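kindly return the folded structure for what I paste below:
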Amino acid sequence: MKSICTLMLVVGAFLFIPISYLHAQPRMIKGHVAAAGTNTPLPGVTVQVKGTSRGTTTDPDGSFRIEAPGGAGILVFSFVGYLTQEVPIGSQSTLNVTLQPDTRSLEQVVVTAMGIKKEKRAIGYAIQDVSGADLMQSKQSNVVNALQGKVAGVQISSGGGAPGQGSRILIRGINSLDPTRDNQPLFVIDGITMDNNTYTTGNADTRGMSNRAADINPDDIESISVLKGGAATALYGLRAASGAVIITTKSGRAGRTRVSFTTTAGFDKVGKTPDVQMQYTQGNNGQYDNQSFWPAWGPSVEDARKLDPDHPASLYNNYKQAYNTGSQYRNTLAISGGTEKVVYAASLSQFNQNGIIPFSNYQNYSARVNGDIRFSEKVKMGVALNYINSGGNRANADRYGEQIIYWSPRWNMRDYLKPDGTQQTYGTTDNPVYTLYSNRFGDNVNRLIGNINFTYSPFKWLDVLYRAGTDFYTDNRRHTGPGPKGIAGEVVSTDNGFGFVNEYTLNQRSLSSTLILNFKNNITSKLTSDLKLGHDLFDRRLKRLSTEGDTLDIPDLLIMQNAKKIVSSQYMENYYLIGVFGDWTLSWDRWLYLTLSGRTDISSSLPVGKRAFFYPSVSLSYLFTDHLKIPESVLSYGKVRTSWARVGKDALPYNTGSGYIPLVNGPIDNNVIGWTRADRYGDAQLKPEFTNTFEVGAELRFLQDRIGIDFAWYTSKSTDLLIPVKLSSATGYEDFYTNAGSIRNRGIEIAFNATPIKKTKFRWDMRINFSANRNEVLSLGKGLSEVVVGNQFGYAGSTATMKYLPGYPVGAIFGTSYLRYTGGQPDNSILIDYSRPVQIAASGSQAGFPMINASQKYLGNSQPKWIGAITNTVTYGPLSLSVLIDTRQGAKKYNQLANFMSAFGESAITADRFSSKVFEGVLPDGTPNSQVVYLQQAKGPDGRNYGGGFYRNVYRGVTENFVENASWIRLRNVSLSWQLPSKFLSRTHLISAANLTLTGNNIWLHTKYTGFDPESSSLNAGSNIDAFAGFTYPTTRSYMASLNVTF
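Numbers count the residues shown, from 1 in each chain. Model prediction:
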């Protein structure tokens, strides 16, 4: 009996042990964590099994995976700035969690100058952050464009819609007058200075070249901090005299390996085209000629068809014919993970874009890896590498636009190629599409950005940081055009000539080294000190080599050996900067912060003996809500701040004297190399530019952060500005580079956010950014009354000029105007008195027509009076809709396209050419004009010969007609996102989170500007000259779909 009982106990034990084991067996829980209301994924959230040491963190897309015990368990979700949340597991295998913001404990940490992280409460100057998730809402391929409308005081201008085209970014206006250098901010990625130049080597000014920040994959970005004022950027020294954009890329986190894949595809359409007349066809003086150079001064289409049965029933709209539907797609694969000791992140990206201009395209391939190793509590190391290969075929938008003007709408420009390979055309006019097809310009950039950093903390009160990095790239460019084929009837392309092969290579390498000692000390229980002392070294080497081969022996053999004439040239540039700096913050009871900083730079581009200069800054931050113990029900957060700083900027290299350059055409006789003086003469007493800035601001949050406002007022004065001053040709030089000017900028910035509705499943968030900047040229150098910055050609004397004059804004535009009646008094003012009537000619060949004032008059300012943006985000459960509207008001631009279109009879405004008119105005004697005139060319119904007609004789010669209102309002972005249901994803046993997004960019534009887009520019993204917009690359409307999947 005892044996039987024993046997039953043993069997029972074996029966129950497996059951107990099964109940306790761990299981895998997957899920996704997002911010309540916005549904934005939260990376880095700590996920822990309550009562155990088992935990993980969410990946960059907010997803997580963790082993949890069977039975009743609880997961604890915690994240800085959010309320900790405990979620029972129950029988679920997938959990989607939303975290609520913790308004009182939120102490936002931001990245400031030199990569230093500070609590935002301690900062006494303006700074704005943009998260990676916010950046990616628009799915922009260029990270600069992705910032549009998201930061107050930041003006971003997309050069156009070319594949990979560069964009210009300005922070608080222009503070340097040299037209050969830009006013864009310093770009820093993971603590390393990154080049953001837009090089136009190889005459590529109008080919939509990329700014180098466009190399960075936006999918790789964790966040961006924009530093605006002098106090914010003082530690960076002269390189950040125009502000700084600090990019932090995504990094690994301890926990399981996370894999995500994002794919985006879309198409681009021309956003806006100019209005054209569709009534009058090829010819001149109203006479039809289907081989005429004149594209649209002929008779009506109806009359032309009577003479030419092959004439199409309607004219081609050249601007509908000229542009394709573009396409783009991007794929990004990312992986991250690690342990408590080692974390890593890596990504691969592919981006391809086909442009709206035929034969234009752009590609970008990148690979990125970074990691951190913690050797001990005192020592850690980090490393990051980013390789990019980018480039494509760059169409000359300026030349294409010009040739479209010359091309008659009687002909189909898409019929551009004959069977024998020569261009299909009429007369001797070049076919614009054939020029694109045969005349190719391509670039291929290989770039490596890398850094390594070490942190050593020997004591609690001391941290030692050392960081070294490099940004190296080679930009190879090739420009080719075939020679004449020698076939009977061939019309040789003007742009190709006798054929050519040009090759350009640009190598740039920069090295940076930074050492920072951070001393932390609690002087008393309330008074703390944080002192940082550092050393900074920057070294840049640049080399350009160009080889141009002309006159090809074999027409289509596009190699250098086939050229009969070969010319080479080379340019090398070395530059270094050595800096030492200090930053000392004193804090009293965490409600008062005083920061003192200073930096001394030694620049190689300044004269010997004048290379070192010092600039200081001071800032104060006062949190009155903490000091005065104001109840949160009244005011959630209140802070006032102020700062003053002095920042410097050195000269471009090799501008402290004169030099000689070799003649590019080789030996002149007996193998003797010829030398000539350089065009520029530099001042041997050059000094750095200096800008003194002062700023006050306030940050307020109400109703548990349901309403927030950040306000800033600033003023800055820049002196000793470096300007190339034009010289008489008798001197043997073109210009003299010297300190010769001062300007002032003043402005306000307002960043407002609100949450009007906040429910469990429904939330409405609003964000408004507003800024207004006024600048003025205060003075120029001794003996200088003006400095011409640039000009753009206009027919019959209507060329527009941008120049600096004391008392006028930096973007001042000048040109010809209609003559105003002054009652016989001299008109010595450069301002137009618009209250006075236009003077009409009483006699002569132009009797009855407005008279032209050929003297230069001020016609407007290319700088906007104010810019603004409003973003509304509505979230309902897993759906999120975001709408961004932005505007730019008060700017003017010269529209060269409108000038050419009126000169060649294609503008819609010329459709009244066969009508009569009495021009409003007065005759030279002051009596009202009553003369009836005809607008047409040649002889009118009254028997009078009108010559070229009103539009060619008068209208096209008046710059005033083409300096247009460049204000606009646009629907910049609409984004609809859907977080796929977890119950659906759990069935896959593989996907932990998925998000589908539909996006539209530049969907709607309201403007009085008659060209393509007032935001575009005729020059490259790095130019200071933004007054001209003629034959630009049209901007595009883009529509995209994106899917992000996390495993």
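
ranges for the helices of the chain?
Assigned by DSSP state H, the chain shows helices spanning 2-24, 132-135, 230-233, 301-307, 318-321, 397-406, 432-438, 624-627, 896-903, 949-953, 982-985.

residues making contact with the fourth one?
Residues outside helix 301-307 that contact it (C-beta atoms under 8 Å, 6 or more residues apart in numbering): 278-283, 288, 298, 311, 313-315, 410. Bear in mind the C-beta positions are built from the backbone N, C-alpha and C, glycine included.

quick check: the farthest pair among the residues you listed?
Spanning the widest gap among the contacts of helix 301-307 are 283 and 313, at 17.5 Å by C-beta to C-beta.

looking at the two, which is more packed in?
Here residue 283 and residue 313 are compared on neighbour count by other C-beta atoms under 10 Å; more neighbours surround residue 283, at 24 against 7.

ok, now which ones touch that one?
289-290, 292, 294, 297-299, 304.

surely residue 509 is in contact with residue 540?
Yes - Residue 509 lies in contact with residue 540 (C-beta atoms under 8 Å); the separation is 7.1 Å.

okay, these two: which has more neighbours?
Remark: of residue 509 and residue 540, residue 540 carries more neighbours, 19 against 16, as counted by other C-beta under 10 Å.

how close does that one get to residue 815?
Per C-beta to C-beta, to the nearest Å, residue 540 is found 39 Å from residue 815.

what do you get for residue 423?
For residue 423, the distance to residue 815 equals 36 Å [C-beta to C-beta].

look at those two and report which has more neighbours.
Applying other C-beta under 10 Å to residue 423 and residue 815 shows that residue 815 carries more neighbours, namely 27 against 20.

ok, that one - contacts?
Per C-beta under 8 Å, 6+ apart, neighbours of residue 815: 794, 798-801, 856-857, 859, 894, 959-960, 963.

for residue 458, same thing?
Contacts of residue 458 were listed using C-beta under 8 Å, 6+ apart, and they are 378, 464.

do you know how far it is from residue 302?
Residue 458 sits 91 Å away from residue 302, going by C-beta to C-beta.

residue 314 - how many residues pack around it?
Neighbour count for residue 314, taken as other C-beta under 10 Å: 11.

should've said residue 202
That count, for residue 202 with other C-beta under 10 Å as the rule, works out to 23.

residue contacts, it?
Residues near residue 202 by C-beta under 8 Å, 6+ apart: 441, 477, 479, 502, 504, 546.

the chain - how does it break down into domains?
For the chain, the structural domains run 2-99, 110-271+324-396+439-780+864-891+969-1046, 787-861+893-965, going by automatic domain parsing.

any idea which of the contacts of residue 815 is closest to residue 999?
Closest to residue 999, out of all of the contacts of residue 815 and judged by C-beta to C-beta, is residue 894, at 33.2 Å.

report pLDDT for that closest one.
We have a pLDDT of 97 for residue 894.

wait, it sits on residue 1028?
Yes - between residue 894 and residue 1028 there is a contact at 5.1 Å, judged by C-beta under 8 Å.

shared neighbours of these two, anything?
Common neighbours of residue 894 and residue 1028 (criterion: C-beta under 8 Å, 6+ apart): 792, 800.

more crowded one of these two?
In terms of neighbours (other C-beta under 10 Å), residue 894 is the more surrounded of residue 894 and residue 1028; the figures are 32 against 24.

got a list of what the more buried one touches?
792, 794, 800, 813, 815, 959, 962-964, 1027-1030.

okay, now the unreliable bits of this structure?
Along the chain, segments meeting pLDDT under 70 span 1-25, 37-38, 53, 60, 70-72, 80-81, 102-107, 664-670, 1022.

quick one: terminal-to-terminal distance for stretch 92-110?
End-to-end distance for stretch 92-110: 37 Å, by C-alpha to C-alpha, to the nearest Å.

quick one on the thing from earlier: CSV for the domains of the chain, including distance to residue 404?
CSV is the format used below for the domains of the chain (distance: least, C-beta to C-beta, whole Å):
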stretch, distance to residue 404
domain 2-99, 44
domain 110-271+324-396+439-780+864-891+969-1046, 8
domain 787-861+893-965, 9
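
among the ones you listed, which is nearest residue 405?
Comparing the domains of the chain by C-beta to C-beta, domain 787-861+893-965 comes nearest, at 4.7 Å.

about what we covered before: export the contacts of residue 815 to JSON lines and tack on distance to residue 835?
JSON lines is the format used below for the contacts of residue 815 (distance: C-beta to C-beta, whole Å):
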{"residue": "794", "distance to residue 835": "26"}
{"residue": "798", "distance to residue 835": "23"}
{"residue": "799", "distance to residue 835": "27"}
{"residue": "800", "distance to residue 835": "24"}
{"residue": "801", "distance to residue 835": "25"}
{"residue": "856", "distance to residue 835": "20"}
{"residue": "857", "distance to residue 835": "15"}
{"residue": "859", "distance to residue 835": "16"}
{"residue": "894", "distance to residue 835": "24"}
{"residue": "959", "distance to residue 835": "20"}
{"residue": "960", "distance to residue 835": "15"}
{"residue": "963", "distance to residue 835": "19"}
